[in-house]
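>>> here is my input; please provide its structure:
(4 chains)
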There are 4 protein chains.
Amino acid sequence: MEMHAFSGFELKAQGILQRLDSGEVVIGDGGFLFTLEKRGYVKAGLWTPEAVVEHPNAVRQLHMEFLRAGSNVMQTFAFSASEDTTESKWEDINAAACDLAREVGRKGDALVAGGICQTSTYKLSALPAWITHLEEPFAETGMNAGPTMNGNIGASIVGVNCRFGPTISLKTMRLMKEGLQAAGLKAHLMVQSLGFHTPDCGKGGFVDLPEYPFGMEPRLATRWDIQKYAREAYKLGVRFIGGCCGFEPYHIRAIAEELAPERGFLPPASEKHGSWGSGLDMHTKPWIRARARKEHWENLRPASGRPFCPSMSKPDA
Amino acid sequence: MEMHAFSGFELKAQGILQRLDSGEVVIGDGGFLFTLEKRGYVKAGLWTPEAVVEHPNAVRQLHMEFLRAGSNVMQTFAFSASEDTTESKWEDINAAACDLAREVGRKGDALVAGGICQTSTYKLSALPAWITHLEEPFAETGMNAGPTMNGNIGASIVGVNCRFGPTISLKTMRLMKEGLQAAGLKAHLMVQSLGFHTPDCGKGGFVDLPEYPFGMEPRLATRWDIQKYAREAYKLGVRFIGGCCGFEPYHIRAIAEELAPERGFLPPASEKHGSWGSGLDMHTKPWIRARARKEHWENLRPASGRPFCPSMSKPDA
Amino acid sequence: MEMHAFSGFELKAQGILQRLDSGEVVIGDGGFLFTLEKRGYVKAGLWTPEAVVEHPNAVRQLHMEFLRAGSNVMQTFAFSASEDTTESKWEDINAAACDLAREVGRKGDALVAGGICQTSTYKLSALPAWITHLEEPFAETGMNAGPTMNGNIGASIVGVNCRFGPTISLKTMRLMKEGLQAAGLKAHLMVQSLGFHTPDCGKGGFVDLPEYPFGMEPRLATRWDIQKYAREAYKLGVRFIGGCCGFEPYHIRAIAEELAPERGFLPPASEKHGSWGSGLDMHTKPWIRARARKEHWENLRPASGRPFCPSMSKPDA
Amino acid sequence: MEMHAFSGFELKAQGILQRLDSGEVVIGDGGFLFTLEKRGYVKAGLWTPEAVVEHPNAVRQLHMEFLRAGSNVMQTFAFSASEDTTESKWEDINAAACDLAREVGRKGDALVAGGICQTSTYKLSALPAWITHLEEPFAETGMNAGPTMNGNIGASIVGVNCRFGPTISLKTMRLMKEGLQAAGLKAHLMVQSLGFHTPDCGKGGFVDLPEYPFGMEPRLATRWDIQKYAREAYKLGVRFIGGCCGFEPYHIRAIAEELAPERGFLPPASEKHGSWGSGLDMHTKPWIRARARKEHWENLRPASGRPFCPSMSKPDA
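I've put the predicted structure just below:
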């Protein structure tokens, strides 16, 4: 699989490295663009994060939800602003994005990372800009998105983000791991898959599917799909596990719950979630109580309720 | 189809009646329980609304999103408290729920309705309680859920809520309408379908499906499904159109956008949404730009991305 | 469900009645038109049986296969010839059809029934013709296809044939049975379902599905589907069980094998078929040997291998 | 894809080479084992061809159907008999198989090829036996199934047979072609795909799918699928195009019809088949008449009628 800009990236930052070096599992957050689009604050197509200044409560709330769900990293809901496009407006937005992420991050044990929205308003240069408002100690990570996995520039964390669903993302991580080993390189592994199943997408990823972006619902991962993803990523040696478009707070919680045995603790939001459906064990209907167990959810092949629809599409390009 | 308690209900209230009598289309809101469960504030199985006191910002935010999306009615995120179960704690919760709904409702042109959470903690009597904290002028509606459509008690609005997806809910409305006509009764019609496709559920509704409640994702309606639902409801003469479990803010926006020609205005959240995908018309990839049109989304049969899953399930009971 | 000409019919004949009256299970045969079309001897669209004179070996062979599979009734591969359309050519064809059916029938313990091809070449009158070449003792049955189930003309066997798959056909039989009971009528029950699954067809049956007649393959029943059909028909009290379009010889064998415990014998063709896949028990691969058991085939949800196709269609009319 | 014994093979024979060298398209036949199993003459699991002596009419009839459908090659319905297993019984069977194939082949313009049944009764050596009863001039081809494409032994025709459906078989042919070109070798290309869709099978092919061999129905190719297969094979440069398990006579006819423009003639069985559904153009129902055109069948995504079944399976091994 060819790696595109923004599909592969490298992270180099103190805080995260300390955590990963010490053997900790770091949990990322999920997708701001898709989630806030559904909440009414982001326009699909533009995918710009002006909500941070227009509706800061909505952005703050989503940060809070990811934090409660177990995220150790708050990605700023900011812009990729190249020099041509740097107008004061975008500076303000990115500054506000950083403020929001830092504010919420401080409420928990979370680092702040410079997220870069993939806007189609401006054509990006191959090597995206650094977000300058993130400085130590708040800006604990910077993100460098390169078109290929490029070990020789000294990346400490390599991985994939966005564009592909859990299965393809993990397959790519396996190739990356093998590539690193073959090259004698060492790096922490990171994965932030889509929250959508995309077995049928081509090299361009999910944007080429006819369902993108307004008909992706049937592809949305369940929490059990994500627990499986987290477990497989962990087995593969990936220690920075998060999500991208389609990942909602409960998907992040699913990562944190799956890896609770290894990490030794549950996230705050698990106070509202019984592990493997155990919250159903008091239901008055016996057949619903019977779903309060791991076997039910692990073996479920969830129906689409859409008998007139196929299970795969042909990418448009 | 047999009507169960909570599947059929009647509304009798001044504010809503005035609007409906004047020919206005009234848009309801969506599902608090499912949406807040995914955000980390409601425990599935218990389905209790203590979030209104524990995390009021999260509840307020969701009210705001529905208001922005076009809801004319804020349903209180409150309890069904029968006498046995009336402890001061529940009183506080219901009071807080009303306060939140009123607070947000005032920011727009929205009425407040007494929503009743369907908790399985306590067995409900057949005729649920009235929510006493809702008094005029704030409590503009009260809700009377009866086990059958019961015209002779003078209901002014009859309809169905929850349990079934758009297709079955609309089919039921058609039967109700015919029943009313046959009986020579007059009432406004209301529908608040699930946001899930459930062609395969039995009489008990979606709770009997093996996917309930943690594997419903592939059944989630797209915004286009909901525009179709809104249009069909409108054609049928239904003038109070909303949603229930599974309905997120963007689904409510879809109702408001579909009926904008009749109502004469778009909801606030449409500032972040191009009608029929028009927000894609500036995309750099021509095949994505080609999706910026009604035909694409109307004819799309969205794939599940799940070739190992069926399209229908057998209800557990 | 409305009954159309050729969907409901009545049989009145000595031989069959004797067998049914004595409590015997009578097994019908399968579909000549569809099967011989695939073999190259019938033209879809015309659906005429001139193969009986043009290629008698091909017709004889199919009769033989149904006989070996367990059929107790050889339906003549003949024509519905109303007076307008009676030309000598058709007379010859029907005579030849009867000869072939009798010839093969004599090789086993099989009756001969007057089958009527549903040709679209000529518009049929509502009450189709009797086939005059079938006389006692060879012509043991005559077939009278009426537009409705018409108890008062003294039918001794009532049932449904063609147009709908196993599930709908059996549901119809249940209604017929209840109707007979309600009317205080007594009659033997007969069912000859399609060999295709048609849960999505409308009142007109499978001909209205867009797959008819050249894309029906994915709907084709497995032998296990037919064993289930035979068992359910038997439980319902149906004692004349056969098939129609889509039913190949091995489907008839499946009926005979499913009901072998009740009938006390297996059909000749079972010498080439291990019950419930037992023929696989010597396979060199253990995972294929593991399929040599009832549980495997009973629980199998066979995949279509067609991820780009839906599981249901909308009828064209 | 790894090539297994019986998946790749080479043909070296006079008659076929003359035809292929002259630029002719040679059409193979279809699957005897699966087809005769359904007709009641072959036992699945054993897959032995004793029908040639026990029921020669049934075997002759199938040869006739393939000949009528357009086959230029009659594969003997014979055995793979290694020395250990050579008993007089098998000699007789293979002799009879050759007689039948020759007898029918003489009725048309068809060559006779030594087919080898893949029996699991006896473990085969990697290099299968030559069938000794086929001698010039009757035995125009011999078949040498080797574990890999082995250009250096002087094969004149290379290709794949059985185990995989049309898509994978053609993909393999593409690789073979590229391999031949890269190695500077020249050979005629041959493909005999399964008549089943198997996008989900692993390296072992269709036998590892849980549906094998008694639940393959939903995977069965339509005639239109096969026309597409024939066209793609032709475009790829394959000039010996046939089928294997699952291929019925009408599938062979579909190859002959698709390539009729190139070959200049239709097969005999096309007298009973209107090209692209044209036989429906006289139907009394207008929506069925509307199916009498290429566009309908080419664009049809045929539904399975099985909403409770998935579209793909996981191979058992």
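>>> tell me the SS of the closest residue to chain D within the stretch 101-250 of chain A?
At 9.2 Å from chain D, residue A:199 is the closest residue in the stretch 101-250 of chain A, using CB to the nearest CB. C-beta: built from backbone N, CA, C; applies to glycine. Put simply, residue A:199 is coil when judged by DSSP: H, G, I helix; E, B strand; the rest coil.
>>> check contacts around it.
With contact taken as CB atoms under 8 Å, 6 or more residues apart in numbering or on different chains, residue A:199 is in contact with A:165, A:167, A:168, A:312, B:305, B:307.
>>> are any of these buried, and which?
A:165, A:167, A:168, A:312, B:305, B:307 (16 or more other CB atoms under 10 Å in any protein chain shown).
>>> out of the contacts of residue A:199, which are close to chain D?
A:312, B:307 (CB under 8 Å from any CB of the partner chain).
>>> which ones among the buried ones among the contacts of residue A:199 lie within helices?
Of the buried ones among the contacts of residue A:199, the ones assigned to helices by DSSP state H are A:167, A:168.
>>> show me the shaky parts of chain A.
Along chain A, the parts satisfying pLDDT under 70 run over A:1-14, A:80-88, A:115-155.
>>> swap the cut-off to 90 and go again
In the predicted model, chain A carries pLDDT under 90 at residues A:1-17, A:78-92, A:94, A:109, A:112-156, A:317.
>>> just read off the phi/psi values of the residue nearest the centre of it.
In chain A, the C-alpha nearest the mean C-alpha coordinate belongs to residue A:243, at 1.9 Å (CA atoms, centre = their mean). Main-chain dihedrals, residue A:243, degrees, to the nearest 10: phi -140, psi 180.
>>> in chain A, which residue sits closest to chain D?
residue A:307 (4.3 Å).
>>> and the strands in chain A, which stretches?
Shown for chain A, the strands assigned by DSSP state E span residues A:8-12, A:26-27, A:73-75, A:111-113, A:142-144, A:157-161, A:188-193, A:240-243.
>>> just so I know, which of those lies nearest residue B:178?
Closest to residue B:178 of these is strand A:240-243 (CB to CB; 47.4 Å).
>>> return the distance of that closest one from the chain's centre.
How far strand A:240-243 lies from its chain's middle: 6 Å, per CA atoms, centre = their mean, to the nearest Å.
>>> and that strand, what does it pack against?
strand A:26-27, strand A:188-193, helix A:223-236, helix A:249-258 (3 or more CB pairs under 8 Å, 6 or more residues apart in numbering or on different chains; DSSP states H and E).
>>> spell out which residues of the stretch 201-317 of chain A are next to chain C.
Residues of the stretch 201-317 of chain A that fall close to chain C, judged by CB under 8 Å from any CB: A:306, A:307, A:308, A:309, A:310, A:311, A:312, A:313, A:314.
>>> okay if I get the helices and strands packed on strand A:240-243 as TSV plus mean neighbour count?
Shown next, in TSV, are those (neighbours: other CB atoms under 10 Å in any protein chain shown):
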stretch	mean neighbour count
strand A:26-27	24
strand A:188-193	25
helix A:223-236	21
helix A:249-258	27
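>>> can you lay out these as CSV showing distance to residue D:75?
Shown next, in CSV, are those (distance: least, CB to CB, whole Å):
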stretch, distance to residue D:75
strand A:26-27, 60
strand A:188-193, 49
helix A:223-236, 46
helix A:249-258, 54
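>>> can you say which of the ones you listed is nearest to residue C:25?
Taking those one by one with CB to CB, helix A:223-236 is closest: 46.5 Å.
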